[in-house]
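Asker: no sequence on this one, just coordinates:
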């Protein structure tokens, strides 16, 4: 019995060591930029009938967006100002224990960046990427729109794009730019690593569910 326990302890130590090395490499080197590549689908923006910006959370019990969501909106607004689509859908509902729906916080930010209120449509029911596509598609069908530009974080584009196309949405998938100031941020690298690992897991889950 003691030998078995010793082996288990040894395996656990090696697992902890490997995880620690991975975290250090992701935090202090460019490893993230390598392992994220299979998750990215950043296509040249094409003129469409609507821009769809996906939510990514709200800082708990506040009307504050995480920087990743701000980056998505900034990119979507940039495309709007370039005249690539006349309308913007911000999609995201009430998540977990938050007091505000994602779209409820995203819409004012888009307006502050220069999108007129009449051109911003709030979709406040979506709970995840699958329902982002589902409810955005319903809005598109209601308005007889066929084409869309979908904007989300780079690590999220591949899965999101597959989900939208699985629902027969004619979509161009565009990755948000990252803030230059975070390029060498240890905290940002660590946060990105967590997002990348979560995205790989979610991709497998969505494939098993038949969403992609």
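Answerer: Looks like it arrived, so ask away. Note that the structure is a prediction, hence the values are computed from the model and not measured.

Asker: now the helices: where do they sit in the protein?
Answerer: Ranges of helices in the chain, per DSSP state H, are 2-28, 31-35, 67-81, 102-112, 129-142, 157-166, 186-209.

Asker: got the ones you listed as JSON lines, with mean pLDDT columns?
Answerer: What follows is the helices of the chain, written out as JSON lines (pLDDT from 0 to 100):
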{"stretch": "helix 2-28", "mean pLDDT": "52"}
{"stretch": "helix 31-35", "mean pLDDT": "74"}
{"stretch": "helix 67-81", "mean pLDDT": "95"}
{"stretch": "helix 102-112", "mean pLDDT": "95"}
{"stretch": "helix 129-142", "mean pLDDT": "97"}
{"stretch": "helix 157-166", "mean pLDDT": "96"}
{"stretch": "helix 186-209", "mean pLDDT": "85"}
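
Asker: can you tell me which of those helices comes nearest to residue 54?
Answerer: Closest to residue 54 of these, according to Cβ to Cβ: helix 129-142, at 5.1 Å. In short, each C-beta sits where N, CA and C put it, glycine included.

Asker: And that closest one, what does it pack against?
Answerer: strand 50-54, strand 88-91, strand 120-123, helix 157-166, helix 186-209 (3 or more Cβ pairs under 8 Å, 6 or more residues apart in numbering; DSSP states H and E).

Asker: what does stretch 104-115 rub up against?
Answerer: If you take Cβ atoms under 8 Å, 6 or more residues apart in numbering as the criterion, stretch 104-115 is touched by 53, 55, 58, 63-65, 69-70, 73-74, 76-77, 80-81, 88, 90, 92, 117, 120, 122, 124.

Asker: Narrow those residues to just the buried residues.
Answerer: 53, 55, 58, 65, 69-70, 73-74, 76-77, 80, 88, 90, 92, 120, 122, 124 (16 or more other Cβ atoms under 10 Å).

Asker: got a list of what residue 103 touches?
Answerer: Taking Cβ under 8 Å, 6+ apart, we find residue 103 in contact with 55, 90-93, 122-124.

Asker: My guess is residue 151 contacts residue 177. True?
Answerer: No - counting by Cβ atoms under 8 Å, residue 151 does not reach residue 177; the two are 10.2 Å apart.

Asker: Name the residue in the two with the higher neighbour count.
Answerer: Using other Cβ atoms under 10 Å, the more surrounded residue of residue 151 and residue 177 is residue 151, with 30 against 13.

Asker: what is that one paired to in the beta sheet?
Answerer: According to DSSP bridges, the partner residues bridging residue 151 are residue 53, residue 174.

Asker: and if you look at residue 120?
Answerer: Applying DSSP bridges, one finds that residue 120 bridges with residue 88.

Asker: quick one, what contacts it?
Answerer: 87-88, 90, 107, 110-111.

Asker: and if you look at residue 73?
Answerer: 53, 65, 90, 106, 109-110, 113.

Asker: Just give me the closest of the residues you listed to residue 160.
Answerer: Nearest member of the contacts of residue 73 to residue 160, counting by Cβ to Cβ, is residue 53, at 11.0 Å.
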